[in-house]
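>>> no sequence on this one, just coordinates:
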């Protein structure tokens with residue numbers, strides 16, 4: 001299934017936790033399945049499908065995933081004490097997705113693709129459905145007793161990436177100020 005697919009994609013990478021996180025749920029007759037795993041890499045890899053048709057240009061289901069992931073992990077970071085409220089406001093979606101491999105499967109009755117190539121999902125109702133499933137799924141997953149170490153490693157990576165990004169930005173600003 002999609003968990004094995006994520007493991008396969010990450011074979012040559014160092015995963016931050018041994019098994020991908022699996023989330024599934026349904027909202028408004030839209031079925032959602034997601035498998036994801038953070039690695040120590042820097043690039044994000046997302047593979048999304050609607051009714052078994054790959055959507056390489058993403059669409060509303062990917063937007064829903066990204067916003068749900070950002071919201072859930074930001075809230076979990078504040079609740080765990082890893083971030084203070086105002087610090088979490090400075091984090092953006094890219095911070096949460098660095099090194100993340102994700103497979104998103106959506107099944108729905110009426111599908112609207114943008115363009116003739118069916119490369120991008122256009123159904124607006126897919127976004128809130130996926131976002132809701134992601135937020136609930138991650139909250140449920142990380143409420144388990146054995147997931148504290150996984151959450152810590154994910155949050156450490158997010159914070160580390162954010163700090164490095166801040167250093168790069170401050171270096172860029174100082175370089176431009178001093179003619180570099």
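Okay, I see it. Since this is a predicted model, take the numbers as computed values, not measurements.
>>> Next, count neighbours for residue 150.
19 (other CB atoms under 10 Å). No exception for glycine: its C-beta is placed from N, CA and C like everyone else's.
>>> ok, it touching residue 17?
Yes. Taking CB atoms under 8 Å as the definition, residue 150 is a contact partner of residue 17 at 4.3 Å.
>>> secondary structure element for the closest residue to residue 147 other than its chain neighbours?
Nearest residue to residue 147, sequence neighbours excluded (CB to CB, 6 or more residues apart in numbering): residue 141, at 6.2 Å. For residue 141, the element it lies in under DSSP states H and E is helix 126-142.
>>> Buried residues, that helix. List them.
For helix 126-142, burial by neighbour count (16 or more other CB atoms under 10 Å) applies to 126-135, 137-138, 141-142.
>>> With stretch 107-122 instead?
108, 111, 113, 118, 120, 121.
>>> Likewise for stretch 94-102?
By neighbour count on 16+ other CB under 10 Å, the buried set for stretch 94-102 is 95, 96, 97, 98, 99, 100, 101, 102.
>>> what's the span of that stretch, first residue to last?
14 Å (CA to CA, to the nearest Å).
>>> ok, back up a step: so which of the buried residues of stretch 107-122 sit within helices?
Among the buried residues of stretch 107-122, DSSP state H puts none in helices.
>>> Looking at those residues, which are in strands?
113, 120, 121 (DSSP state E).
>>> Of those, which is the nearest to residue 31?
residue 121 (14.0 Å; CB to CB).
>>> residues contacting the closest one?
48, 50, 55, 58-62, 106, 111-114 (CB atoms under 8 Å, 6 or more residues apart in numbering).
>>> pLDDT score assigned to it?
If you check residue 121, the pLDDT there is 97.
>>> In contact with the closest residue to it other than its chain neighbours, which residues?
Leaving aside its sequence neighbours, residue 121 sits nearest to residue 59 (CB to CB, 6+ apart; 3.0 Å). The contact partners of residue 59, taken as CB under 8 Å, 6+ apart, are 48, 50, 113, 114, 120, 121, 122, 123, 126.
>>> ok, now residue 66?
Counting by CB under 8 Å, 6+ apart, the residues that residue 66 touches are 93, 97.
>>> same check, this time on residue 6
Taking CB under 8 Å, 6+ apart as the criterion, residue 6 is in contact with 20, 35, 36, 37, 101, 102, 103.
>>> Tabulate those (JSON lines), appending secondary structure, pLDDT and distance to residue 164.
Formatted as JSON lines, the contacts of residue 6 follow (DSSP: H, G, I helix; E, B strand; the rest coil; pLDDT from 0 to 100; distance: CB to CB, whole Å):
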{"residue": "20", "secondary structure": "coil", "pLDDT": "97", "distance to residue 164": "25"}
{"residue": "35", "secondary structure": "strand", "pLDDT": "98", "distance to residue 164": "27"}
{"residue": "36", "secondary structure": "strand", "pLDDT": "98", "distance to residue 164": "22"}
{"residue": "37", "secondary structure": "strand", "pLDDT": "97", "distance to residue 164": "21"}
{"residue": "101", "secondary structure": "strand", "pLDDT": "98", "distance to residue 164": "20"}
{"residue": "102", "secondary structure": "strand", "pLDDT": "98", "distance to residue 164": "22"}
{"residue": "103", "secondary structure": "strand", "pLDDT": "98", "distance to residue 164": "27"}
